[in-house]
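Asks: Any chance you can model this:
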Amino acid sequence: MFEATFAKSSLFKHIIEATKELVTDVNIELTESDINFSIMNSSHIALISVHLNKE
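Replies: Numbering: from 1, shown residues only. This next block holds a predicted model:
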């Protein structure tokens, strides 16, 4: 089970809202200290990489 708490919960919502229309593939890597998203659009032209640190 994974649980995340954000000081500003709108941060996660903005990431999802900004990318949801552009992407078909998302890789999510969870560790004890961070969350990493690798987001690719359907034509494989744009790659978005997001790193959210525990701090």
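Asks: these two touch, right, residue 29 and residue 51?
Replies: No. Using CB atoms under 8 Å, residue 29 is not in contact with residue 51; the gap is 9.5 Å. From N, CA and C alone the C-beta is placed, and that goes for glycine too.
Asks: Touching both of those two, which residues are there?
Replies: Residues touching both residue 29 and residue 51 by CB atoms under 8 Å, 6 or more residues apart in numbering: 35, 36, 37.
Asks: just the buried members of those?
Replies: Among these, the ones that count as buried by 16 or more other CB atoms under 10 Å are 35, 37.
Asks: Adding pLDDT as columns, could you present the shared contacts of residue 29 and residue 51 in CSV?
Replies: Listed next are the shared contacts of residue 29 and residue 51 as CSV, based on pLDDT from 0 to 100:
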residue, pLDDT
35, 88
36, 91
37, 88
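Asks: Closest one of the shared contacts of residue 29 and residue 51 to residue 21?
Replies: Comparing those against residue 21 with CB to CB picks out residue 37 as the nearest, at 15.7 Å.
Asks: what's the helix or strand for residue 38?
Replies: Using DSSP states H and E, residue 38 sits within strand 34-41.
Asks: So what are the sheet partners of that strand and their directions?
Replies: Strand 34-41 has its sheet partners listed here by DSSP bridges as strand 23-30 (antiparallel), strand 47-53 (antiparallel).
Asks: mind checking which of the ones you listed is nearest residue 6?
Replies: When those are compared by CB to CB, strand 47-53 sits nearest residue 6, at 8.4 Å.
Asks: residues making contact with the closest one?
Replies: Identification of contacts with strand 47-53 by CB under 8 Å, 6+ apart yields 11, 15, 19, 22-23, 33-40.
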